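S.K.: From the sequence below, what's the structure:
(chains A and B)
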Amino acid sequence: MLMLRFACSPTGDMHIDDLRVALLNYIISKQKNEDLIVRIDDMNKEKNIEGKDQEILAILELFHIKYSQVVYQSQNIRFYSAMALDLLHKKKAFACFCSHEWLENKKNEAKAAKKPYKYDDACRNLPAELVIDNTAPFTVRIAKPEQATTSDPMDSFVIMRQDKTPTYNFACAIDDMLSDISIIIRKDEQKNDTAKELHVRNSLGYDKEIEYAYLPALLDTPSVKELLEDGYLPEAISNYLISTINEPLKEIFTLQKAIEWFDLGKISKTPTHFDIDILKHINKEHLKNLEAKELSRYVGFADEEIGELARIYLNEANTTKELKAKIAPIFSQRVIPGMFAQQATLMAQTIKDAPYFEAYIDFKNHIMKETGLEGESFLKPLQILLTNAEHGPDVAKVYKYLKNYIQEIVK
RNA sequence: GGCCCCGUCGUCUAGCGGUUAGGAUCCAUGGUUUUCAUCCAUGUUACAGGAGUUCAAUUCUCCUCGGGGUCACCA
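M.R.: Okay, the predicted model is just below:
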């Protein structure tokens, strides 16, 4: 049985590099047809922000990332204590009475001497009577591995703080053990945590092999919320994020398609910069693929005609926000530049009195004839009257979707 | 400073010993469009540097340089 997990802490807005990790975990879980669980790392009481967990889950929902359950670290506290006690019994962990200041001094000394700081195991072999008589607060440290397995030997690190809450590496190692996780896909920057977590599990006698995969950094990333507010489609964001880790078959694709071809073995190794230009391009393509009704909803209407109208404007907009800014003026008060004021007034009156025309050509001929305007002095005022902008799409195209609203607009 | 990861057009990338080093985006130019844009066409720009291995190195090895990450009683 395989199991994957996505861990996220509710201490701030979710950034798109977090989302990318979630997406990747989801894709692999689907490919392997296994469960994905979401873990909320809520052990930092001071930094936790009320409601952020729900926000994270809402984002996952919006991006169609499905999971089988949500676990909160804070609910596992009794396990962490039990495991720490077990390690203590087995002499694989020990109480450390070193004060914060003292350790701080040691670190500064090491820094001054340009040597890496390692805890010196001062409290490791304290006689039992010294421990029992000591009323000072203490942390629990896990005994470092017997032999150094890497060129950067680990020291006996803290697993339980003075307030007897677990540290991250300890909690994380135990969570993955309890949830029976088999594949961990996380950010590259967490690579250094892996050895510690492995050591915790080994010390506890857990020997299941966990497969690890690391995602190189995505630099300068905005929060998911920001992108959504700026009018980027979830499917476009997914498309972009996935193409930063695997070369896609086709530039534009859906999450479903990505599940078919994605290859965990071909994860890109180079750290990448978040590139808004490419996302814009992808977003536009996804916008083009939307049904008229759906498109219409994104710009604040629920009308197929408006959707088609919006589609015309897609040529000059990359996001739903930009699209909205193009469509909204059409249905608001006209701003007519002085040089066209006269013609526009005349034309507006003529349109008001005119019958309904199905075809633009008939409409155009009628207005031309009635107003006597032609060329530039016909087209510009008409364009402004219809679209409330001096530049924009072909009025003939726009008329097709605007003809039913024309009296309302001219008013 | 120790350790880890990574260096191909400005950006995202393809390449897995022999290629005119390909694509996307951006930018520029031209064409279409009675406007802006779209669209189409064309174009500029890249193997970080140095040694080695080899008939042959963007590709393999080492060094240098550069970028990022990490070294907590944060997650």
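S.K.: What pLDDT is listed against A:N404?
M.R.: In this model, A:N404 is scored at 87, pLDDT.
S.K.: try A:A148
M.R.: For A:A148, pLDDT reads 67.
S.K.: ditto for A:K266
M.R.: Looking at A:K266, the pLDDT reads 88.
S.K.: burial count for the closest residue in space to it that isn't next to it in sequence?
M.R.: Excluding its sequence neighbours, the residue lying closest to A:K266 (Cβ to Cβ, 6 or more residues apart in numbering) is A:N246, at 5.8 Å. (Glycine included, C-beta is placed from N, CA and C.) Neighbour count of A:N246, defined by other Cβ atoms under 10 Å: 18.
S.K.: Look up how far A:K352 lies from A:N246.
M.R.: According to Cβ to Cβ, to the nearest Å, A:N246 and A:K352 sit 58 Å apart.
S.K.: ditto for A:K266
M.R.: Counting by Cβ to Cβ, the gap from A:K266 to A:K352 is 63 Å.
S.K.: residues of stretch A:241-257 that come out buried?
M.R.: The neighbour-count criterion (16 or more other Cβ atoms under 10 Å) identifies A:241-246, A:248, A:252-253, A:255 as the buried residues of stretch A:241-257.
S.K.: can you check stretch A:279-297 too?
M.R.: The neighbour-count check on stretch A:279-297 (16+ other Cβ under 10 Å) flags A:279-280, A:282-287, A:290, A:292, A:295-297 as buried.
S.K.: Turn those residues into JSON lines, including secondary structure.
M.R.: As requested, the buried residues of stretch A:279-297 are exported to JSON lines (DSSP: H, G, I helix; E, B strand; the rest coil):
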{"residue": "A:L279", "secondary structure": "helix"}
{"residue": "A:K280", "secondary structure": "helix"}
{"residue": "A:I282", "secondary structure": "helix"}
{"residue": "A:N283", "secondary structure": "helix"}
{"residue": "A:K284", "secondary structure": "helix"}
{"residue": "A:E285", "secondary structure": "helix"}
{"residue": "A:H286", "secondary structure": "helix"}
{"residue": "A:L287", "secondary structure": "helix"}
{"residue": "A:L290", "secondary structure": "coil"}
{"residue": "A:A292", "secondary structure": "helix"}
{"residue": "A:L295", "secondary structure": "helix"}
{"residue": "A:S296", "secondary structure": "helix"}
{"residue": "A:R297", "secondary structure": "helix"}
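S.K.: Out of those, which are close to RNA strand B?
M.R.: When contact is defined as Cβ under 7 Å from any atom of the strand, the buried residues of stretch A:279-297 meet RNA strand B at A:K280.
S.K.: ok, residues contacting stretch A:87-94?
M.R.: By Cβ atoms under 8 Å, 6 or more residues apart in numbering, the residues outside stretch A:87-94 that reach it are A:84, A:95, A:123-126, A:140-143, A:156, A:159, A:203-204.
S.K.: quick one: is it near RNA strand B?
M.R.: No: judged by Cβ under 7 Å from any atom of the strand, stretch A:87-94 and RNA strand B are separated, with a smallest distance of 13.4 Å.
S.K.: got the end-to-end distance for that stretch?
M.R.: Distance between the two ends of stretch A:87-94: 8 Å, counting by Cα to Cα, to the nearest Å.
S.K.: for that stretch, what is the average pLDDT?
M.R.: Stretch A:87-94 comes out at a mean pLDDT of 96.
S.K.: So for it, what gets flagged as buried?
M.R.: Neighbour counts over stretch A:87-94 (16+ other Cβ under 10 Å) mark A:87-88, A:92-94 as buried.
S.K.: Let me know the closest of those residues to A:C8.
M.R.: A:L87 (27.4 Å; Cβ to Cβ).
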